[in-house]
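# Sequence and predicted structure, then a few things I'm wondering about:
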Amino acid sequence: MRILAVGDIVGRVGLDTLKEKLPNIVKENYIDFIIVNAENAADGFGLTEKMFKEILSLNVDCVTMGNHTWAKKDIFGFIDNKHIIRPANYSEGIVGRGYEIYECKGKRILVMSLIGRVTMPVLSDNPFYEAKKIIEDNKDNVDIIIADFHGEATAEKAAFAYYLDGEANIVFGTHTHVQTADERILDNGTAFITDIGMTGPKKSIIGMDIEVSFKRFLTSIPEKYKTAESEGMLCGVIFDLDNENNNVREIKRICC
């Protein structure tokens, strides 16, 4: 089985790039299951229902979110759709789901979303403990476990992956919008990469307008971010799993 995880969609450029490039990537690489992080799709902050439907029309199986989950208020109208998951370590009782189980080619695939707490808005529940709880509650009923860890700090992401080594099949990081070159399979079999990158405008500051970014860094005066307008790029990672034991045997980064 081949699973594709696509990095954070940023703005309209990111979504249009996904629509343009995803079908060929799926066809050329024989992709079976697709995860897309879309928490920056709507002008860099949040996700609208229209955009969510556009993403699903591409046969995407799971849309993950992050720290901008609630930025667009119409999220409350579709957050209970099984094809979208928000970070699981939000307070108990918050709408939406932190994980979901999907079926693909006879396999039951659990995808969960967690948000880090280092230099991020601190959520009430510890992502490490929450992930372990989700695994303990479901490990006997699923074949493959995947975690999208939406975090700022590379150390926190690496610690999370090692903490779940041997319990999750795949741990990939999102949020920083820069694809890292550290993909590897840990000692007990968990496939890990610190960040899978961004799908959005190539000529930008992590997806945002360059001139606006200059103003923020040069003057220290708050300036409203806006997404850049340039040629788009798609970044992500393909995980190739052994159909017999569900272990990841190869990780392939893509950025096009």
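Structure received.
# Pull up the per-residue confidence for the nearest residue to I144 once chain neighbours are set aside.
Excluding its sequence neighbours, the residue lying closest to I144 (C-beta to C-beta, 6 or more residues apart in numbering) is I109, at 4.6 Å. The C-beta positions use only the backbone N, C-alpha and C, and glycine is treated the same way. Looking at I109, its pLDDT stands at 98.
# wait, I109 sits on N141?
No. Contact criterion C-beta atoms under 8 Å: I109 and N141 do not qualify, at 11.4 Å.
# gap between L234 and F149?
Distance, L234 to F149, using C-beta to C-beta, to the nearest Å: 20 Å.
# And those two? Which one has more around it.
Neighbours were counted for L234 and for F149 using other C-beta atoms under 10 Å; F149 has more, 30 against 21.
# List the residues that contact D187.
D165 (C-beta atoms under 8 Å, 6 or more residues apart in numbering).
# Name the spans of the stretch 51-200 of the chain whose pLDDT lies under the cut-off.
Within the stretch 51-200 of the chain, the segments meeting pLDDT under 70 span 122.
# hmm, try it at 50
Residues of the stretch 51-200 of the chain meeting the criterion pLDDT under 50: none.
# can you give me the helices in it?
For the stretch 51-200 of the chain, applying DSSP state H, counting those that start in this stretch gives helices covering 127-138, 154-163.
# So L58 sits against K19, correct?
Yes. Between L58 and K19 a contact is recorded at 6.4 Å, counting by C-beta under 8 Å.
# name the element I31 belongs to?
Assigned by DSSP states H and E, I31 falls within no helix or strand.
# what's the neighbour count on it?
For I31, the count of nearby residues is 16 (other C-beta under 10 Å).
# Assign the residue lying closest to it once chain neighbours are set aside to helix, strand or coil.
Leaving aside its sequence neighbours, I31 sits nearest to L4 (C-beta to C-beta, 6+ apart; 4.6 Å). With DSSP: H, G, I helix; E, B strand; the rest coil as the basis, L4 sits in strand.
# Could you check how far the residue most central in space within the chain is from N246?
The centroid of the chain falls nearest to N37 when counting by C-alpha atoms, centre = their mean (3.7 Å). Separation of N37 from N246 (C-beta to C-beta) stands at 23 Å.
# Next, the residue sitting furthest away from the middle of the chain: phi, psi?
The C-alpha centroid of the chain is most remote from T219, which lies 32.2 Å away (C-alpha atoms, centre = their mean). Main-chain dihedrals, T219, degrees, to the nearest 10: phi -110, psi -20.
# any idea how far Y225 is from it?
Distance from T219 to Y225, counting by C-beta to C-beta: 14 Å.
# residue boundaries of the strands in the stretch 101-250 of the chain?
107-115, 144-150, 170-174, 184-185, 191-193, 198-201, 232-233, 235-241, 248-255 (DSSP state E, counting those that start in this stretch).
# looking at those strands, which is buried most?
Of all the strands of the stretch 101-250 of the chain, strand 198-201 carries the top mean neighbour count, a mean of 30, counting by mean count of other C-beta atoms under 10 Å.
# Only the C-alpha atoms, please, for that one, written as PDB.
Only the C-alpha atoms of strand 198-201 are listed here, as PDB (Å, rounded to 0.1, in the frame of the first residue of the first chain):
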ATOM      1  CA  MET A 198       4.000  23.200   2.000                       C
ATOM      2  CA  THR A 199       1.700  23.300  -0.900                       C
ATOM      3  CA  GLY A 200       1.500  26.900  -2.000                       C
ATOM      4  CA  PRO A 201       3.300  29.800  -3.600                       C
END
